[in-house]
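**Q** Okay, here's the prediction I keep looking at, along with the sequence it came from:
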Amino acid sequence: RARTGMFQPKFEDDATGEGTGSMFWTLVPLKLPNAAARKVGREEVPETPAEGYRQVEAAPVVEGARGKALIVEDSAPIRKMLKRILERAGFSVDEAGNGEQGLDKLTRTSYDVCIMDFLMPIMDGVTCTRKYRAWEAAAKRKRTVIVGSSANADETEINSALDGAFDGFIPKPVTTANLKAKLDELYAAQ
């Protein structure tokens, strides 16, 4: 049942001068769960969205509990986002800004998983992964799970990369859900 003015935007004229912008708000009625309905399964339902966000931010992260990960990506914002996702999933994370740096890190440190961008300066991800696979076989090291990622790769490039070099592929933009699903799929196959 609608209440008069409930969904009408409110505007406030501050009269502080030109170019200061406007402030507006809308009231949206929400029914919060009662105390008896706050528990769903084994998880507590947060009272408010802000409380839910604080719970996620405060969730304990056991760095390295799931293993060691390497992100090889030339875009710093994408590296930052991937690092946050992997750390929240329990990985300790190293980063490299191009394939040459990635190859150096891969040969110096044993990683459980690597997220590898296809197109990068200096050395692309496909070349890096192929060189690493050759080194990995010669060194008789346990196979590192390498997941390729690109916004621009076509189906032929993806299939070529998956033919022995990469273990999986996730398209950009990478989301928490598709990265988690891909890692779960690859770990289940091992």
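**A** Received it, and whenever you're ready, just let me know what you need.
**Q** which stretch of helix or strand covers residue 146?
**A** Per DSSP states H and E, residue 146 falls inside strand 145-150.
**Q** Within its sheet, name the partner strands of that strand and how each one runs.
**A** Strand 145-150 pairs in its sheet with strand 113-117 (parallel), strand 168-171 (parallel), by DSSP bridges.
**Q** Alpha carbons of it, as CSV, please.
**A** Extracted as CSV, the C-alpha positions of strand 145-150 are listed here (Å, rounded to 0.1, in the frame of the first residue of the first chain):
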residue,chain,number,x,y,z
VAL,A,145,47.6,-24.3,-12.4
ILE,A,146,47.7,-21.4,-14.8
VAL,A,147,44.5,-19.6,-15.8
GLY,A,148,44.6,-17.3,-18.8
SER,A,149,42.6,-14.1,-18.9
SER,A,150,41.8,-11.6,-21.6
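**Q** Other residues contacting it?
**A** For strand 145-150, the external contacting residues (C-beta atoms under 8 Å, 6 or more residues apart in numbering) are 73, 112-119, 125-126, 129, 132, 157-158, 161-162, 165-172, 174, 179, 182-183, 186-187, 190. The way it works is simple: take the backbone N, C-alpha and C, and place the C-beta from them, glycine included.
**Q** No further questions, thank you.
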